[in-house]
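In: structure here, sequence nowhere to be found:
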């Protein structure tokens, strides 16, 4: 341990502005390649969102120093942590905190000792470390459970201890791996709100890895969506939900999404179907509309500028307070949400032919390029 | 000393006494001529078998009966393992036991055994735990070979181990000659030699037990420690070691028991000097010629220790976190 390390955790040093995280993460494995660009500004919360196996956790491990890069680089506040060649800063010397998916609280230590572990490793005296730990436990509302062992804590409490343990070092970059995945639904709701508060207070950058869009929307300022090791879309929650760019994202935000060629107010899909849209697009373009925008009719609907197609019902499920109908035909697969009353009138069952319609004003069209 | 080869490997267990009749026997007539082996085998296999037959109608819920070709040999095997120990207990000179236990030679052997086995266990812990960690946590070329080498002393006849130690550390040995010439240090036939011999045969037990325990610990705890700023050494001290402590305790007990019963390597490398290198197993071997009841008393002590360790290990294994 150098003297620099000793002094670091106590220097309340928000004066050093830092450049945050700038990284290009490349990891190559036998049948998988991760290659993403990632930036996290100080104080910013970025969600790395993607399906299982997209490479999210691998990306997190490279930032923590637990997996070396194959190529690319990691710069944190102007310091190179890994350049895949000469430089590799080991995890214990990185200014990076991690909250692991299953928390990994040390089972043989109390909650207080778990939180004090980091400051102690960075050179704090036993008393100092305990004082810091106690303060952080108080911040997450667990001061009265300081002497409990991890196995005596509930899932939500363990999550907060893990958060306190990672934050006690005031890391320049905080990484959270599926922070709410191990919790039951009710605990998740409370913990999510509380986590949001703590992340908002954290002066360093934060990267949340998750496959749950709700976690990402609530916790993050910006979403980076990865599929198969690549970034497929990036932006704030509003822009991502308004203009999804892949089926995965469209499903996440609950939209029907198709890709085709735009020519003014018309987008023609590869299936031959042409959508009339309110927006004007030219060239490669997406068309998106919500399932609630799809109306179903037993006969071909007449009049008004509508997009209609003949479809087959492939599934009928309850979805909140409405009925979700899965359709095939026309543009491809589509979801339609209708009221239970409408469903009763239509007597829907799988295999049944039906007519679907979407108003041009209910569609959104935007360039895919 | 060459005779030891036959008794050597059998000695760690008190049941090893049943090897002795095969040895040349001035003492063969002692405990075994009149011993339990002659009188008890005939009723022994018969009794349990008939119990099985009697139970059949009484407990019809045992829907699948055990076939005789399996039941009979199994019962015989059990009797074979247990009866010699029963013999030891039955033939023990119980009335004179307390006074025999406090005889100076017995006490000296007992003390030397305990001290040497404990020191050997200490040596094994200091050297073996790091080796186990290396094998479990660090990828290095030849790791499989190293692991194979470690198991050699497990299967090697201890006398051969003792001879090998003599060739290495003896006054004319590879290293021993320099120790002798430069430092005037002679290891063989000293108490230090006892400790070395015991550590040599017991170390593999510890390394294998601890390596197994280390592999059972989730390495991600160590990663978590690293992200909190812990160096590898700090991680080992403050995370790995506490998590693996039950495994180390079990390994140390095994190691201690093996050291306590060590015979072949000890008598070859350290000799058989009362008070200095004569441990309990060696005493048992010698007393069989001169004072068989005393040999039985010492054997009983070793048996008690073995059973005690078995009980302790069982609790350790059950009590250890999964």
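Out: Now that the structure is in, tell me what you want to look at. Given the structure is predicted, the values throughout are model-derived calculations rather than measurements. Numbering: from 1, shown residues only, chains lettered A, B, ... in the order given.

In: so residue A:165 sits against residue A:112, correct?
Out: No. Under the contact definition of Cβ atoms under 8 Å, residue A:165 does not touch residue A:112, with a separation of 10.2 Å. All C-beta atoms are positioned from the backbone trio N, CA, C, and that covers glycine.

In: these two: which is more packed in?
Out: residue A:165 (31 against 22; other Cβ atoms under 10 Å in any protein chain shown).

In: next up, the contacts around that one.
Out: Going by Cβ atoms under 8 Å, 6 or more residues apart in numbering or on different chains, residue A:165 touches A:99, A:105, A:114-115, A:117-118, A:136, B:228.

In: where does the chain have low pLDDT?
Out: You didn't pick a chain, so chain A it is. A:1-18, A:303-305, A:369 (pLDDT under 70).

In: ah, no, chain B please
Out: In chain B (pLDDT under 70), the answer is B:1-63, B:315-322.

In: and it, which residues reach chain A?
Out: For chain B, the residues in contact with chain A (Cβ under 8 Å from any Cβ of the partner chain) are B:218, B:220-221, B:223-231, B:234, B:238-239, B:242-243, B:321.

In: need the buried ones from those selected in ChimeraX.
Out: Remark: buried members of these, expressed as a ChimeraX selection using 16 or more other Cβ atoms under 10 Å in any protein chain shown:
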select /B:221,223,224,225,226,227,228,229,230,234,238,239,243
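
In: which ones among the residues of chain B next to chain A map onto helices?
Out: If you go by DSSP state H, the residues of chain B next to chain A have B:220-221, B:223-227, B:234, B:242-243 in helices.

In: report the buried residues of the strand or helix carrying residue A:238.
Out: For residue A:238, the element it lies in under DSSP states H and E is helix A:237-242. The neighbour-count check on helix A:237-242 (16+ other Cβ under 10 Å) flags A:237, A:240-241 as buried.

In: for stretch A:271-288, same thing?
Out: Residues of stretch A:271-288 classed as buried: A:273-277, A:279, A:281, A:285-288 (neighbour count, 16+ other Cβ under 10 Å).

In: identify, from those, the entry nearest to residue A:216.
Out: Residue A:216 lies nearest to residue A:288 out of the buried residues of stretch A:271-288, by Cβ to Cβ, at 18.9 Å.

In: that closest one - that's part of a strand, no?
Out: Yes. Counting by DSSP: H, G, I helix; E, B strand; the rest coil, residue A:288 falls inside a strand.

In: surely it meets residue A:256?
Out: Yes. Here residue A:288 reaches residue A:256: they are 6.6 Å apart, a contact under Cβ under 8 Å.

In: who touches both of the two?
Out: By the contact definition Cβ under 8 Å, 6+ apart, residue A:288 and residue A:256 are jointly contacted by residue A:250.

In: and the one helix or strand residue B:303 maps to, what does it pack against?
Out: Residue B:303 belongs to helix B:292-319 when assigned by DSSP H and E. Applying 3 or more Cβ pairs under 8 Å, 6 or more residues apart in numbering or on different chains; DSSP states H and E, we find helix B:292-319 packed against helix B:68-90, helix B:97-101, helix B:104-137, helix B:241-260, helix B:280-290.

In: which among these is found nearest to residue A:213?
Out: Across the helices and strands packed on helix B:292-319, closest to residue A:213 is helix B:241-260 (Cβ to Cβ), at 36.5 Å.

In: give the buried residues for that closest one.
Out: The neighbour-count check on helix B:241-260 (16+ other Cβ under 10 Å) flags B:241, B:243-244, B:246-260 as buried.

In: flag every residue of the stretch 1-150 of chain A that's near chain B.
Out: Residues of the stretch 1-150 of chain A lying close to chain B (Cβ under 8 Å from any Cβ) are A:1, A:5, A:64-66, A:90-94, A:96-98, A:100, A:104, A:106-108, A:117-118, A:121-122.

In: go through those and flag which are in strands.
Out: When DSSP state E defines the strands, the subset of the residues of the stretch 1-150 of chain A next to chain B inside them is A:96-98.

In: ok so, going back, which among the buried residues of stretch A:271-288 are in contact with chain B?
Out: Residues of those in contact with chain B (Cβ under 8 Å from any Cβ): none.

In: in the ones in helices among the residues of chain B next to chain A, find the pair that's most separated.
Out: B:227 and B:242 (18.3 Å).

In: report the distance from stretch A:48-60 to the chain centre.
Out: Its chain's average C-alpha position is 9 Å from that of stretch A:48-60, according to Cα atoms, centre = their mean, to the nearest Å.

In: any idea how far apart the tips of it sit?
Out: Terminal residues of stretch A:48-60 are spaced 9 Å apart (Cα to Cα, to the nearest Å).

In: what's near enough to touch the residue most central in space within chain A?
Out: What sits nearest the mean C-alpha location of chain A, by Cα atoms, centre = their mean, is residue A:49, with 3.0 Å. Residues in contact with residue A:49, defined by Cβ under 8 Å, 6+ apart, are A:56, A:210-211, A:213, A:216, A:223-226, A:252.

In: now do the buried residues in whichever helix in chain A runs longest.
Out: Secondary structure of chain A per DSSP H: the longest helix is helix A:185-201. For helix A:185-201, the neighbour count (16+ other Cβ under 10 Å) marks A:187-188, A:191-192, A:194-195, A:198-199 as buried.

In: CSV for those, including distance to residue A:301?
Out: Listed next are these as CSV, based on distance: Cβ to Cβ, whole Å:
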residue, distance to residue A:301
A:187, 47
A:188, 42
A:191, 47
A:192, 42
A:194, 49
A:195, 47
A:198, 52
A:199, 48
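
In: which one of the ones in strands among the residues of the stretch 1-150 of chain A next to chain B is nearest to residue B:211?
Out: Closest approach between these and residue B:211, by Cβ to Cβ: residue A:98, at 27.7 Å.

In: how many residues are close by the closest residue to chain B within the stretch 251-369 of chain A?
Out: The minimum distance from the stretch 251-369 of chain A to chain B, using Cβ to the nearest Cβ, falls at residue A:252 (28.5 Å). By other Cβ under 10 Å, 24 other residues sit near residue A:252.

In: how about it, nearest residue that isn't a chain neighbour?
Out: residue A:213 (4.3 Å; Cβ to Cβ, 6 or more residues apart in numbering or on different chains).

In: mind checking how far residue A:265 is from residue A:332?
Out: When distance is defined by Cβ to Cβ, to the nearest Å, residue A:265 is 21 Å away from residue A:332.

In: what of residue B:163?
Out: In this view, residue B:163 and residue A:332 are 81 Å apart by Cβ to Cβ.

In: who's more crowded, these two?
Out: residue B:163 (18 against 15).

In: list the contacts of the more buried one.
Out: B:268-269.

In: which of the helices or strands spans it?
Out: Secondary structure from DSSP H and E places residue B:163 in helix B:158-169.

In: sort out which residues of that helix are buried, please.
Out: Here helix B:158-169 shows B:158-166, B:169 as buried, counting by 16+ other Cβ under 10 Å.

In: for stretch B:130-143, same thing?
Out: Neighbour counts over stretch B:130-143 (16+ other Cβ under 10 Å) mark B:131-133, B:135-137 as buried.

In: do me a favour and get the end-to-end distance for it?
Out: Across stretch B:130-143, the terminal residues are separated by 14 Å (Cα to Cα).

In: now swap in stretch B:163-174 and tell me
Out: Start to finish, the residues bounding stretch B:163-174 are 13 Å apart (Cα to Cα).

In: okay, now the domains of chain B?
Out: In terms of domains, chain B is parsed into B:48-90, B:97-319 (source: automatic domain parsing).

In: of the ones you listed, which is nearest residue A:156?
Out: Between residue A:156 and these, the shortest gap by Cβ to Cβ is with domain B:97-319, which sits at 19.1 Å.

In: next one: that closest one to chain centre, how far?
Out: On Cα atoms, centre = their mean, the centre of domain B:97-319 falls 9 Å from that of its chain.

In: next, count neighbours for the nearest residue to residue B:231 once chain neighbours are set aside.
Out: Among residues not flanking residue B:231 along the chain, residue A:92 sits closest, at 5.6 Å (Cβ to Cβ, 6+ apart). Residues within reach of residue A:92, counting by other Cβ under 10 Å, total 20.
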